[in-house]
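Asks: Kindly return the folded structure for what I paste below:
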Amino acid sequence: MRRAFLAAALLLVLAGCAGSMAKSPELAGEPTVYAKVVKEPDPLLLGCHMRSRPSEYNRPNTYTYCLVKKGDKYAVYYDWRDGKTLEEHKGWMPFTINGDRMTSDTEPSTYLVKDGRVWHNYGGRATLHPMLPK
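Replies: Numbers count the residues shown, from 1 in each chain. Okay, the predicted model is just below:
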């Protein structure tokens, strides 16, 4: 009985954490930096997305972003964590948006739309990793 209660409590805690970035109070506030827009973003880039865990890495970095429109401007709330050191970088960050691509101005990540999905590319490598809506 106690084990079932603990399992149920854990599920409630995890459910409360899921989507916490999407409901984050930071998103309700005014961004501290806005994206440079070369061309309006593909609608698939909008909203919150997280990178699925690549199976080829033992301790992969994690990447989550929320692209929001504030008035006539766009801003990106970004959260990435180094898989080895667990150092986290979180907050409004500068990006350049060019239609179906969104590139970080602070680290070598690009998010792009391909085949009706959002993908993550790191540093121009050939590998693309799928992003999941959050």
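
Asks: where along the protein do the strands fall?
Replies: In the chain, the segments counted as strands under DSSP state E are 36-39, 47-51, 62-70, 73-81, 88-93, 95-98, 101-104, 109-114, 117-122, 129-133.

Asks: Any idea which of those gets closest to residue 26?
Replies: Smallest distance to residue 26 across those (Cβ to Cβ): 6.0 Å, for strand 73-81. C-beta here means a position set from N, CA and C on the backbone, and glycine is covered the same way.

Asks: for the closest one, the distance to its chain's centre please.
Replies: Relative to the mean C-alpha coordinate of its chain, strand 73-81 is positioned 7 Å out (Cα atoms, centre = their mean, to the nearest Å).

Asks: And for stretch 62-78?
Replies: 9 Å.

Asks: re earlier: next, format the strands of the chain as CSV and append distance to residue 29.
Replies: Putting these into CSV (distance: least, Cβ to Cβ, whole Å) gives the following:
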stretch, distance to residue 29
strand 36-39, 21
strand 47-51, 16
strand 62-70, 10
strand 73-81, 10
strand 88-93, 9
strand 95-98, 18
strand 101-104, 21
strand 109-114, 23
strand 117-122, 24
strand 129-133, 22
